[in-house]
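Student: Quick one, what's the 3D model for this:
(one chain, ligands or ions: 1)
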Amino acid sequence: MRLMSDLSKSTEQLISTAQPSRASLSEDNSLSLYLHFPFCSKICGYCDFHKELFNRRKEALYFQALTIDTALAVEELYKQRNRIKKNTSPNTAQKITLQSIYIGGGTPSLISQELFGRWVEQLGELFDFAEDLEFTVEVNPESANQENLALFQKTGVNRLSVGVQSFNSKSLMTLDRRHKIEDTLRVFYVARALGIDNISADLIFGLPNQTLHQLERDLYELLEL
Ligand code: SF4
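Tutor: Coordinates of the predicted model:
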């Protein structure tokens, strides 16, 4: 979030300069929500995402600002919805339904479960959750474990996007990734043991010196999982 870039400001200053995030609503009164968690324990050389080195203080400020931003964005959204619906539907008290939530990054598997749980509670007060809500969190293999995956699941997460990137150790080193292949296998094992079987995975191809055979091996290993 833009608010996080100047940590010399007090929380009050940060909050007073908060601007609501943009949001738009589909015709059936439902919404999909994406949150970018911009912190990582190490910065990968190739990375073009918005990211910062993780620390708990910055994370706490981020969630403070996020709570305000969420409230402002949702207030604006309901105003928009009510303006549009005023002529067609008298039922402006109806809550908007969240169809999907996606937490990307950054490295959301570093997230404080307590702060995250509170934010999801805030969402629960502002929205209805669809019965078949798809709730995804991106995880990096080195920071996803039995404990945090179980807590994510308790909060409602039912889908993981695993940053596999490659099953080749040299490729992982080229990419500055922190995890090892065993970490990736462990995440899949732990997630399925918990009952999370809706899992997607990122692979990267086109690395310097990567051969077609290496890419085929990556695809083969992924299909094996
Ligand atoms: S973990 Fe992902 S977001 Fe973080 S620096 Fe590496 S590529 Fe970028």
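
Student: now the strands: where do they sit in this protein?
Tutor: With strands called from DSSP state E, the chain shows them at 30-37, 39-40, 52-53, 97-105, 128-139, 159-165, 199-203.

Student: quick one: which of these is nearest residue 177?
Tutor: With Cβ to Cβ, the closest approach to residue 177 among these belongs to strand 159-165: 5.7 Å. Glycine gets a C-beta too; all of them are placed from N, C-alpha and C.

Student: and this structure, which residues reach the ligand?
Tutor: For the chain, the residues found near the ligand under the criterion Cβ under 6 Å from any ligand atom are 40, 43, 44, 47, 49, 51, 105, 106, 107, 140.

Student: let's see 8 Å
Tutor: Contact residues, the chain versus the ligand (Cβ under 8 Å from any ligand atom): 38, 40-44, 46-49, 51, 105-107, 140, 163, 175-177.

Student: circling back to that earlier point, any idea which of the strands of the chain is most buried?
Tutor: strand 159-165 (a mean of 23; mean count of other Cβ atoms under 10 Å).

Student: That one pairs with which strands?
Tutor: Strand 159-165 pairs in its sheet with strand 128-139 (parallel), strand 199-203 (parallel), by DSSP bridges.

Student: got the buried residues for whichever helix in the chain runs longest?
Tutor: Assignment by DSSP state H gives helix 56-85 as the longest helix of the chain. Across helix 56-85, burial judged by 16 or more other Cβ atoms under 10 Å covers 59, 61-70, 73-74, 77-78, 81.

Student: ditto for stretch 109-118
Tutor: Going by neighbour count (16+ other Cβ under 10 Å), the buried part of stretch 109-118 is 109, 110, 111, 115, 116, 117.

Student: Can you pick out the ones from the residues you listed that are in helices?
Tutor: 115, 116, 117.

Student: Roughly how far does the first one sit from residue 82?
Tutor: Here residue 115 is placed at a distance of 31 Å from residue 82 (Cβ to Cβ, to the nearest Å).
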